[in-house]
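In: Take a look and give me a structure for this.
(one chain, ligands or ions: 1)
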Amino acid sequence: MTDHVAPAVQELLDGVHRHPALDNDFYALWMGQPLGFEDLRTFARNYLGRISQTPAVIALTILGVQDTEVRARVSGTLYTELGCADAEHAHLKLLEHYLTDLLSRVGGRSFTLGELQRAPLLACTQAFSAAQRVLYTSEHPCGILGAHLAQEWLAYPMLAKLYEGARLYMPLYPSIESFHEHAEYFHAHIGATEKAHRREALLAASRLCRTPKDWAELAGSIERVLHITADYWAGMFRALRASAARRSQASTDQLPGPHKATDAISEPQM
Ligand SMILES: [Fe+2]
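Out: Take a look at the predicted model:
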């Protein structure tokens, strides 16, 4: 099995860092300042809502291709995603623990997973999940593998950026060690595991894509994932900006005399 990919596909993958899927206002905000409780809850709810689909779409990849070697390779990714058969180490569990713990620290009170899950999802998150399911149930296996490859290609830089933002909350932890203990979700991704997933996805694509039509299906899915991912983060940023505007309006409404509105995105609580 080689990792040859069509030049057009390689070009797409090489350019992901410049795409709004990775270079966008949300990441600039997230890495630039800690969010206040309300904005952090919006991020947490919608990131969790998106990531909770991950095991299912990896399973759809396995179902959607007939090739046993590809299935075996993708199964390895699913196995890791599910904590190597240990639910407590499943990536989704690690994320749930991280987010509820962080919200508890920022909010100054215990914040439960049920409370987080009761918050409604933004339209951008619902649209992302719906589009993702369409891609992962594509009739053409190379379309499915394109979605899988793009997801894996975006995962490492996405997690690296989210981790950089997470570090801004370090003063809320009693020690550096405590922060890292609670940041296991990031450590599970930024390292050999995510790099291995990316390579497996590339190998799977290069094994099944043989004809120009195959590569076109693959490239089309990659472009689609980039597009829906950019839309997802843009929707998240708009929601945070709108909530900041509402807070700003509410506070100016309470001022006794002439005043000027601020355009701050959110008020850091540290
Ligand atoms: Fe993961």
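In: Looking at this protein, which residue is nearest the ion?
Out: Ranking the residues of the chain by distance to the ion (C-beta to the ion) places His91 first, at 3.4 Å. Bear in mind the C-beta positions are built from the backbone N, C-alpha and C, glycine included.
In: That residue: what's its closest spatial neighbour, skipping adjacent residues?
Out: What sits nearest to His91 in space, not counting adjacent residues and going by C-beta to C-beta, 6 or more residues apart in numbering, is Glu81, at 5.3 Å.
In: Quick check: that neighbour touching Lys93?
Out: No: the pair Glu81 / Lys93 is not scored as a contact, 10.8 Å apart, by C-beta atoms under 8 Å.
In: and Ser52, what is it in contact with?
Out: Leu92 (C-beta atoms under 8 Å, 6 or more residues apart in numbering).
In: how much space is there between it and Asp67?
Out: To Asp67, Ser52 is 28 Å away according to C-beta to C-beta, to the nearest Å.
In: Near the ion, which residues of the stretch 51-200 of the chain? Just list them.
Out: For the stretch 51-200 of the chain, the residues in contact with the ion under the definition C-beta under 5 Å from the ion are Glu81, His91.
In: Could you point out which residue ranges in the stretch 51-200 of the chain have low pLDDT?
Out: Within the stretch 51-200 of the chain, no stretch falls below the threshold (pLDDT under 70).
In: before we move on, the earlier item: thought Cys84 was touching the residue of the chain closest to the ion, still the case?
Out: No: the criterion here is C-beta under 8 Å, and His91 misses it with Cys84 at 10.7 Å.
In: Just want to know which of those two has more residues nearby.
Out: In this comparison of His91 against Cys84, neighbours counted by other C-beta atoms under 10 Å, the higher total goes to His91 at 19 against 9.
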